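Colleague: Sequence and computational prediction follow.
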Amino acid sequence: MTSVSTSRTAMPIDEFAPSAPARQKAAARPLRWLWLAVAAAVLVYLPFVLHDRAILGYRLSNIQLLNVGLAQLNLTLIAVLGAVSLNYLTGCAGLVSIGHAAFFAVGAMAAAATGAQLGLPFLVSLVAALIAGAAAGVLAGLPSLRVRGLYFVLSTMALHFIVVFAFSEYQYAAFDVFGISYPQPAIGPFALDSALKWYFFLLPIVVLCCLACNYSLKHREGRALLAVRDNEQAASSSGIDVRVLRLKAFAFSSAIASLAGALQAYYLTTVSTELYSLNLAISFIAMIIIGGMGSIAGGVVGALVWLLLPSVLTGFAGELGAAGGGLAKIFVEHRPQVVNLIFGSLVAVLLIFAPGGIVGAARKLTKLVRPGAEA
Amino acid sequence: MLVQFLLTGLALGSIYGLVALGFAVIYKAERVFNFAQGILMVCGAYLAYTATTQLGLPFPVAVIVIIAAAALLGIVIQFLFIRPLSGQPLLPVIMITIALSIILKALIEILYGVQPKPLATSLPTGVLILGDVRLSQLNLTAAVVSWVCMGVFFAFFRFTKAGLLMRATADSHEAAILSGVNVNRINAGAWAIGTILAVIGGVFLGQIQLASTELEHIGLLALPAVVIGGLQSIPGAIVGGILVGVIEQLASGYISPKARDVFIYIPLLIMLLVRPWGLFGNRELGRV
């Protein structure tokens, strides 16, 4: 984690004094735009590939598509929102939280109250979820004014149980045991009634949230956050109001998480209190550890791995079938357990051997291959 | 009814106190906040299932086997997972214990299946009737065994050389290293003790209910117990455990079983805000 932080905090200098790497960066800019264009093209074309199960008219088998469907991709996009916002809070602001699932629940509740009960339009209920999330985030951040480290982690855990209890009371009082059902979301006359439409609705939101995090981290407040994470005393003696900054970070992060919760609830059409278990909160922490703490890419990569790896593995186990022998048999019989075993071991191995996660390891590799290249 | 709830709460709370004590021992020695304590407890229930039902060992032998296996498990965990991360910041250490709990849970479910297993130990199962209070003998035995274990470990920390070295290491790692204490061995010992305590709690809970990975949630109640009592304090863990047990019984008896978690975690939150060092802990000096 420290290696990431030093490279990040070292960055401000090149804005004021154009040093050699900065000039290189300027020269590399056209190439960067090219990469961005390619990435955008892939992101736009990908859903059509998954929808038609074919690329440019050429049919692909299920395993060539890694057994991934469009619905999973949409859920992954929603999880990316959760992982990126948690990474902003934990990786960048240094506030470890195991209450992230609670904000998903807050978003789902806000959406249920406005969308399902009052019958307000979809976009209005999303805005309501954002506001409710920010407010809940400020409340959840309040203990950070008083307690540090481990005690703060526990306060977020306590918060998780309190919110989940509130959710279940709300669900049983206003709906029924089967959960809260949400109306068909629509933007004006345009109904979000297929996975493809959802994808093109979610993608801009995810990109926007990532850009917002990125913008924040490149500017004054985000840098102040990183400074507070690295050394609280030094940061506060340089005139940073640590308390306000932390609350702002919490509000920002939980607003995104709450938005993601509302989107997830609408996407799944019915959610019940069991969804918001402590395991969900833990899975977000696992995502940012797998991806890499303290960077936006880390959150994205972590969410991709966490949500897509299980079905990729299932695909390959199915393909191996009888040829795979005992291992494939264990996998088929105990699929969720084997997936958990793999994830648990992955997290442990990464923590011990690559604390920077996949993104951190990739950066190290790039540095090895091209010394002096921009990390 | 009140007396009934209080007594059942006291008995269950003694088990929580035992698990929480194991937790506190590990925390004191290594500053590791062990989220795997719940699943270690579950391991106890399944170890008992293997020893008594699968291997068919006589009960006294089974107890020795279970305790030896628990100690070994603790030492292996410390060696494989915790030692490589010593000196790391808070999150990686917490997260590796969470990863550990995910791994252990998956392994248990692969080895034993997801169906809960009934335990067939020769612990007493009758009911003791005192006036209008019904007390299960199992709960009573659990409480007594818990108190004996607590006494034994209290004596161990107070009167033996190994206990003294453990306390010294907990007080100051550096000073202990300088005085020639093998800190790694001490830490492994702390994990062995912590695991044994969790496993004993697990045997009782497995017998009271059924052996299943669902017990992990009950084991995790050791967390609020230990914080309410005071993270640094061993009597605190025990008192915290009993408090949590009593609160749990009162809340699920008078309000609803769903309300249990809230009535435990709200006091935890208040405690964190008002007195983060717990009922019995020493105040840690605040930083800027």
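Modeller: That came through, no problem.

Colleague: May I have the residues that are in contact with residue 213?
Modeller: Since no chain was named, I'll use chain A. Residues near residue A:213 by C-beta atoms under 8 Å, 6 or more residues apart in numbering or on different chains: A:84, A:85, A:88, A:296. In short, each C-beta sits where N, CA and C put it, glycine included.

Colleague: Can you look at chain B instead?
Modeller: Applying C-beta under 8 Å, 6+ apart, the residues near residue B:213 are B:39, B:42, B:105, B:108, B:109, B:114.

Colleague: Keep only the residues you listed that also lie close to chain A.
Modeller: B:105, B:109, B:114 (C-beta under 8 Å from any C-beta of the partner chain).

Colleague: Quick check on the first one: phi, psi?
Modeller: So that's residue B:105. phi -60, psi -40 (degrees, to the nearest 10).

Colleague: What score does it have for pLDDT?
Modeller: Residue B:105 is assigned a pLDDT of 91 by the prediction.

Colleague: Can you name the next helix or strand after the longest helix along chain B?
Modeller: Using DSSP state H, we find that the single longest helix of chain B is helix B:2-30. Sequence order places helix B:37-48 as the next helix or strand after helix B:2-30, per DSSP states H and E.

Colleague: OK, contacts around the residue lying closest to residue A:164 once chain neighbours are set aside?
Modeller: Among residues not flanking residue A:164 along the chain, residue A:276 sits closest, at 5.3 Å (C-beta to C-beta, 6 or more residues apart in numbering or on different chains). Counting by C-beta under 8 Å, 6+ apart, residue A:276 makes contact with A:101, A:102, A:104, A:105, A:108, A:163, A:164, A:167.

Colleague: what's residue A:276 sitting at in phi/psi?
Modeller: phi -90, psi 60.

Colleague: Could you check how far it is from residue A:192?
Modeller: 23 Å (C-beta to C-beta, to the nearest Å).

Colleague: what's the answer for residue B:156, then?
Modeller: In terms of C-beta to C-beta, residue B:156 sits 63 Å off from residue A:192.

Colleague: neighbour count winner among these two?
Modeller: Set residue B:156 next to residue A:192 and count neighbours by other C-beta atoms under 10 Å in any protein chain shown: residue A:192 wins out with 19 against 15.

Colleague: Export the contacts of residue A:213 as a markdown table, with columns for secondary structure.
Modeller: Listed next are those as a markdown table, based on DSSP: H, G, I helix; E, B strand; the rest coil:
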| residue | secondary structure |
| --- | --- |
| A:84 | helix |
| A:85 | helix |
| A:88 | helix |
| A:296 | helix |
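
Colleague: Sort the residues you listed by pLDDT and name the bottom one.
Modeller: residue A:296 (89).

Colleague: Give me the subset of the contacts of residue A:276 lying in helices.
Modeller: Filtering these for helices - DSSP H - leaves A:101, A:102, A:104, A:105, A:108, A:163, A:164, A:167.

Colleague: Of all the residues in stretch B:23-40, which ones are buried?
Modeller: Within stretch B:23-40, the residues that qualify as buried are B:23-30, B:32-40, counting by 16 or more other C-beta atoms under 10 Å in any protein chain shown.

Colleague: cool, and stretch A:236-246?
Modeller: A:236, A:240, A:242, A:245, A:246.

Colleague: How about the secondary structure of residue A:33?
Modeller: On the basis of three-state DSSP, residue A:33 is classed as helix.

Colleague: got the buried residues for stretch B:147-165?
Modeller: By neighbour count on 16+ other C-beta under 10 Å, the buried set for stretch B:147-165 is B:149, B:150, B:153, B:157, B:163, B:165.
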